[in-house]
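>>> any chance you can model this:
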Amino acid sequence: MRFPVIRHPIWIGLLVVATVSGCRFFLSPAPNDSGAEELSRDASSVWSLTYSADGSLLLSSHIHQCCSSVRCSHLPGPTRFDLWSTSPLRQGHLATFHAPNWRFTPTQHRFSSDGRFVFSAAFQGLLQWDVTAQRLEMKFPGDHIVLAPDCRTAIRVAGNASIDDVSSKADPTVELWDLTLDWPLQCLGTERTFGSPIEFLPDGQRVLAWTNVPREASRLVMWDLRKGTRAALEIDEPLNGAVYLSADGRRLGIQTLRNEKHQVQVINTTTGRQLACIPSWDGARRVALSAAGDIVAMGGESSDTDERRGEIQIWRVRDGKRLKTIIDPSTWGITALCFSPDGETLASGDLDGIVKRWTMPPSDNAAEDGDW
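I've put the predicted structure just below:
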């Protein structure tokens, strides 16, 4: 088959313009009809979003998945990570790297203090990406890793049977690990006695975990590694194992179910007491807390079951008031949310692989609830 050769200068010019326009998300962020700043558009669904501590960098992870109103199923294909600059001096795409195997599903991301390294932890190990040298290293393959805020220590659930052998009855050991020395610091117990670790608090001494005691309902507990004590947190029936911490670590949000009603409980991590109970909906998939934990964002499929569109709701914790409802008709559902450290921007990702940044109103001076 012979293909036509384009020689006319007008057609060549139109082709160049069309090519540049189609790839503009790699060059610089562009506003769209919704008023949000759009960073990327890709066929892989956005799985998670994470800002660096100073808010100048944004990491997005993308996986191949097929979603319905019931559940999302992973499809074969490696997890991709995109690094973006959100600094006013230099905005746009910086770099991309891929997980070494398609089974790697990240549960946690952290930036090193100098921004040189990006860490991605999962039930399948730990990825360390040297952004400057463009070098990727995989550590502890097959082990469940939870990274501490300093990126120097981590909790390692060694011999995690739930990944490679679900029929195994072995009780994995839970260890505190020094990543710089590549050496265990302390054995914290087993997964049965310690629980399944989820997240460190910013002080690096307290850890959230789900208990896994036979004949007992799963409970969310907080371990104090310095004292070796734990305390249970007051929550209703959890909808999933995800826990959403504010940047200062003083508050956490969790999706729960009470009397068949969906809600987001906001809990004080110091006292373990509930601060607020924000109404949610069945299609809500992700939650994010602002840096101080005073604002809660929920995103997912539309709360109107007759509509197929993305929806984000912004709520104030202090008085339980809904500040804004963001309707995004360009997608079927929101799959990732993350506040910038200053709370002025909310990043969202969706099923179509689009990352957007929305400008948030001041929480104290926000207008009455309305669509954006």
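
>>> residues touching D130, list them.
Contact partners of D130, counting by CB atoms under 8 Å, 6 or more residues apart in numbering, are 116-117, 136-137. The C-beta positions use only the backbone N, C-alpha and C, and glycine is treated the same way.

>>> can you rerun that using 7 Å?
For D130, the set of contacting residues under the criterion of CB atoms under 7 Å, 6 or more residues apart in numbering consists of 116-117.

>>> how much space between it and G310?
D130 sits 35 Å away from G310, going by CB to CB, to the nearest Å.

>>> with I267 instead?
Computed with CB to CB, the distance linking I267 and G310 is 27 Å.

>>> more neighbours: which of the two?
G310 (29 against 23; other CB atoms under 10 Å).

>>> tell me the contacts of the more buried one?
Under the criterion of CB under 7 Å, 6+ apart, the neighbours of G310 are 328, 331-334, 350.

>>> the nearest residue to it once chain neighbours are set aside and I312, how far apart?
Spatial nearest neighbour of G310, chain neighbours left out: D328 (3.8 Å); criterion: CB to CB, 6 or more residues apart in numbering. Relative to I312, D328 is positioned 7 Å away (criterion: CB to CB).

>>> check F339 too.
With distances taken as CB to CB, F339 is found 12 Å from I312.

>>> what pLDDT does S40 get?
We note a pLDDT of 69 for S40 in this prediction.

>>> which helix or strand contains the most centrally placed residue in the chain?
To find the centre residue of the chain, average its C-alpha atoms and take the closest one (CA atoms, centre = their mean): that gives S48, at 3.6 Å. Of the helices and strands defined by DSSP states H and E, S48 is found in strand 45-51.

>>> for that strand, name the packing helices and strands.
In terms of contacts (3 or more CB pairs under 7 Å, 6 or more residues apart in numbering; DSSP states H and E), strand 45-51 is packed against strand 57-63, strand 106-111, strand 334-339, strand 345-350.

>>> nearest spatial neighbour of G333, chain-adjacent residues omitted?
Of all residues not flanking G333 in the chain, E301 sits nearest, at 4.2 Å (CB to CB, 6+ apart).

>>> so the one you found touches G283, yeah?
Yes - if you go by CB atoms under 7 Å, E301 and G283 touch, sitting 3.4 Å apart.

>>> these two: who's more crowded?
More crowded of E301 and G283, by other CB under 10 Å: E301, with 24 against 21.

>>> show me which residues of stretch 123-139 are buried.
Buried residues in stretch 123-139, defined by neighbour count with 16 or more other CB atoms under 10 Å: 123-129, 131, 136, 139.

>>> any idea how far apart the tips of it sit?
From the first residue to the last, stretch 123-139 extends over 12 Å; the measure is CA to CA, to the nearest Å.

>>> from the chain's centroid, how far away is it?
Averaged C-alpha coordinates place stretch 123-139 at 18 Å from its chain's average position (CA atoms, centre = their mean, to the nearest Å).

>>> give me every residue that touches the nearest residue to P106 once chain neighbours are set aside.
Counting by CB to CB, 6+ apart, P106 lies nearest to S120, which is 4.6 Å off, once chain neighbours are set aside. For S120, the contacting residues are 81, 106, 109, 127, by CB under 7 Å, 6+ apart.

>>> so the last one sits in a strand?
Read that as L127. Yes - under DSSP: H, G, I helix; E, B strand; the rest coil, L127 falls within a strand.

>>> quick check: bridge partners of it?
Residues found in beta-bridge contact with L127 (criterion: DSSP bridges) are S120, M138.

>>> which residues touch it?
By CB under 7 Å, 6+ apart, the residues touching L127 are 99, 119-120, 136, 138.

>>> for it, give its distance to Q205.
If you go by CB to CB, the gap between L127 and Q205 works out to 25 Å.

>>> related to what we said a few turns ago, and for F339 and I312, which residues touch both?
Taking CB under 7 Å, 6+ apart as the contact criterion, the residues that touch both F339 and I312 are A297.

>>> neighbours around T270, how many?
A count of nearby residues for T270, using other CB under 10 Å, gives 12.

>>> so who does it touch?
With contact set as CB under 7 Å, 6+ apart, T270 has these partners: R250.

>>> does it belong to a helix, a strand or coil?
coil.

>>> how about R308?
When the structure is split into helix, strand and coil by three-state DSSP, R308 lands in coil.

>>> count of residues packed around it?
13.

>>> assess the claim that it and W332 are in contact.
Yes - under the contact definition of CB under 7 Å, R308 touches W332, with a separation of 5.2 Å.

>>> quick check, W332 in a strand?
No - secondary structure of W332, determined by three-state DSSP: coil, with no strand assignment.

>>> and it, how far from S48?
When distance is defined by CB to CB, W332 is 18 Å away from S48.

>>> picking that back up, residue contacts, the residue nearest to the centre of the chain?
Residues near S48 by CB under 7 Å, 6+ apart: 61, 106, 109, 336.
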